[in-house]
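*Asks:* whatever this is, show me its structure:
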Amino acid sequence: MGELADIVRGASPRPIQDPKWFDNTSEVGWLRISDVTAQNGRIRYLEQRISEVGQEKTRVLKEPHLLLSIAATVGKPVINYVKTGVHDGFLIFLNIKFEQEFLFQWLEMFRPSWKKYGQPGSQVNLNSELVRNQDILMPSMKEQLKISSFFRYLDNTIALHQRKLDTLKQMKKGFLQQIFPKNGDKVPVLRFADFQAEWEQRKLGDIVQIKMGQSPNSENYTENSSDHILVQGNADMKNNRVVPRVWTTQVTKQADKGDLILSVRAPVGDIGKTDYDVVLGRGVASIKGNEFIFQVLKRMKEINFWTKFSTGSTFESINSSDIKKATILFTNKDEQIKIGVFFKKFDDTLTFHQDKLDKINMLKKYYLQNLFI
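*Replies:* Below is the predicted model of the structure:
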């Protein structure tokens, strides 16, 4: 790679906490790892701005450049599309002899391979010399441009679906806030026609059946899908559904198909549904509730309801008593059905777009593995 560009390290003013290095009115942004993660490597906006005196202590890019993260999110390629101050956690590719988008995508493909430079059990440590000495097979510029155009189209499609999904999630969040009464209120802001009665405050344990999980012995865990599906926590749930990941030969506590599954250990409050009969591990509880109760629990997670009950300084958890005594606002069955149907349609739409996005991401992963040598 050192034959394809001048690879230099960014620079950081010290001490970085000194406020004189930053100025909200500056036209030059300050690139942080959190920006890279949030924008998936394509930097179009930087919230933090670096002052004129700070710019003298860093490397300022006024045109788009290829960067590589060498700290925290190691090996992540980056392109800045705004004026950017680059700290010493990044390498910059200057005076390039390649098509920029091509190497951006190649580095995305190669990212897992940087692990070879890390010691077992420790963080990968990249430096400019390691990157300069990394071998890469390069096609002609004409083929680079073709490959770049193809991946740019894929990335634009992914970004479009991500924006659509984010918009839908924000819309649902808004509806959850308005179709359920706010704290201290007895009626919601938005309501379906023909419903006027005030909602009643009830304890969750008086409305639904709750069963706490109990983990099987670890020697009974298997990878045999003909055994019993084990749900241990939020890692076993995706897009509001239980995803079979671990199986067990030992049956402790069980939940039935259609039950709601609530995570009771860090992170607490995640909620999903199960399409299977499952064994409940210690990290979850099952709740026999309808679509309305499911949405109530989703909203409780949104407003951080369970954090006030979380116990344990290092490993948050909620117990059976916390769940049973949790107070919710409850309405009549007909309004529950209306609300449940409305949000289920919303969730089905979200799932559809999430599945579509997952498939396109998998497609990109396939092409990254097969369009490069």
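
*Asks:* Lys365 - that's part of a helix, no?
*Replies:* Yes - under DSSP: H, G, I helix; E, B strand; the rest coil, Lys365 falls within a helix.

*Asks:* count of neighbours near it?
*Replies:* 12 (other C-beta atoms under 10 Å). All C-beta atoms are positioned from the backbone trio N, CA, C, and that covers glycine.

*Asks:* again, but for Glu219
*Replies:* Neighbours of Glu219 (other C-beta under 10 Å): 9.

*Asks:* could you look up the SS state of it?
*Replies:* Going by three-state DSSP: Glu219 is helix.

*Asks:* which residues does it contact?
*Replies:* Not one residue lies near Glu219 by C-beta atoms under 8 Å, 6 or more residues apart in numbering.

*Asks:* now do Asp35
*Replies:* Contacts of Asp35 by C-beta under 8 Å, 6+ apart are Ile43, Leu46, Glu47.

*Asks:* what's the distance between the last one and Gln39?
*Replies:* Okay, so that is Glu47. Between Glu47 and Gln39 the computed distance is 11 Å (C-beta to C-beta, to the nearest Å).

*Asks:* can you select the buried ones from the contacts of Asp35 in ChimeraX?
*Replies:* Restricted to buried positions by 16 or more other C-beta atoms under 10 Å, the ChimeraX selection for the contacts of Asp35 reads:
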select :43,46
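
*Asks:* so Ala255 sits right up against Gln209, yeah?
*Replies:* No - assessed by C-beta atoms under 8 Å, Ala255 is found out of contact with Gln209, at 10.4 Å.

*Asks:* looking at the two, which is more packed in?
*Replies:* Counted by other C-beta under 10 Å, Ala255 and Gln209 do not tie: Ala255 has more neighbours, with 24 against 10.

*Asks:* spatially nearest residue to the more buried one (excluding sequence neighbours)?
*Replies:* Ser286 (3.5 Å; C-beta to C-beta, 6 or more residues apart in numbering).

*Asks:* residues in contact with that neighbour?
*Replies:* Here Ser286 is in contact with Ile210, Lys211, Gly213, Lys253, Ala255, Asp256, Asp259, Leu260, Ile261, Leu262, Thr274, Leu280 (criterion: C-beta under 8 Å, 6+ apart).

*Asks:* check contacts around the fifth one.
*Replies:* Listed by C-beta under 8 Å, 6+ apart, the contact partners of Ala255 are Lys211, Val231, Ile261, Thr274, Asp277, Val278, Leu280, Ser286.

*Asks:* buried among these? Need that as a selection in ChimeraX.
*Replies:* The following ChimeraX line selects those of these that are buried, judged by 16+ other C-beta under 10 Å:
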select :211,231,261,274,278,280,286
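
*Asks:* how about a markdown table for the contacts of Ala255, with secondary structure, distance to Asp88 and pLDDT added?
*Replies:* Shown next, in a markdown table, are the contacts of Ala255 (DSSP: H, G, I helix; E, B strand; the rest coil; distance: C-beta to C-beta, whole Å; pLDDT from 0 to 100):
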| residue | secondary structure | distance to Asp88 | pLDDT |
| --- | --- | --- | --- |
| Lys211 | strand | 53 | 96 |
| Val231 | strand | 44 | 96 |
| Ile261 | strand | 45 | 97 |
| Thr274 | coil | 48 | 96 |
| Asp277 | coil | 54 | 96 |
| Val278 | strand | 48 | 97 |
| Leu280 | strand | 48 | 97 |
| Ser286 | strand | 50 | 97 |
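
*Asks:* would you mind checking which of the contacts of Ala255 is nearest to Val8?
*Replies:* Each of the contacts of Ala255 was checked against Val8 using C-beta to C-beta; the closest is Val231, at 49.6 Å.

*Asks:* what's across from that closest one in the sheet?
*Replies:* Leu280 (DSSP bridges).

*Asks:* gap between it and Val278?
*Replies:* Taking C-beta to C-beta, one finds Val231 at 5 Å from Val278.

*Asks:* and if you look at Lys364?
*Replies:* In terms of C-beta to C-beta, Lys364 sits 32 Å off from Val278.

*Asks:* circling back: so what sits against both of Val231 and Val278?
*Replies:* Contacts common to Val231 and Val278, judged by C-beta under 8 Å, 6+ apart, are Val242, Ala255, Ile261.

*Asks:* please name the residues that touch the last one.
*Replies:* So the one you mean is Ile261. Contacts of Ile261 by C-beta under 8 Å, 6+ apart are 231, 237, 242, 255, 271-274, 278, 280, 284-287.
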